[in-house]
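Engineer: compute the structure for the input listed below.
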Amino acid sequence: MNKIQKIYIDMCSECWDIQNLWKPSIGDYYYHLVDRKVYLLTDKKLKEKKFCRWLPVEKQLYRIYFKHGASNWRKFDYSSGKYFDYLVKVLGDHPSKEICSLSLIMQECYFKRWFNNKWNESHVLI
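Structural biologist: As a prediction, this is how the structure comes out:
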């Protein structure tokens, strides 16, 4: 697991606003807290959901953002790109598209920003 993957897992694990939206379905990626591994959900029932953290992919993040009023994919893509420079400073590395998108959702929909390895309340937009 590389540094960026670990950061995304940490961000998702601390992100209860998003975790509470998860309705496990086939094809979802999740991190198992006990095994400390990433899995792909391949059958209909997830055992021990309380030990699992959803790792939404780009398309799933877009759906969450769309429910909060985004008008189209292009706006989502452009807006998540705005977080790239901020995240390079905070993470010390180049963030993945999912990290940028999750940061966009958390900031613009839940008024939280990733800093010091946790989501902090922030009403100042990037």
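Engineer: residue 8 reaches residue 56, doesn't it?
Structural biologist: No: with contact defined as CB atoms under 8 Å, residue 8 does not reach residue 56; the gap is 9.8 Å. No exception for glycine: its C-beta is placed from N, CA and C like everyone else's.
Engineer: mutual contacts of those two, please.
Structural biologist: With CB atoms under 8 Å, 6 or more residues apart in numbering applied, the overlap between the contact sets of residue 8 and residue 56 consists of 98, 102.
Engineer: who has more neighbours, the two?
Structural biologist: Neighbour count, other CB atoms under 10 Å: between residue 8 and residue 56, residue 56 has more, with 24 against 20.
Engineer: secondary structure class for that one?
Structural biologist: State at residue 56, reduced to three classes by DSSP: H, G, I helix; E, B strand; the rest coil: coil.
Engineer: in the helix or strand encompassing residue 76, what's buried?
Structural biologist: For residue 76, the element it lies in under DSSP states H and E is helix 73-81. For helix 73-81, the neighbour count (16 or more other CB atoms under 10 Å) marks 76, 79-80 as buried.
Engineer: next one: that helix to chain centre, how far?
Structural biologist: Here helix 73-81 is found 15 Å from its chain centre; the criterion is CA atoms, centre = their mean, to the nearest Å.
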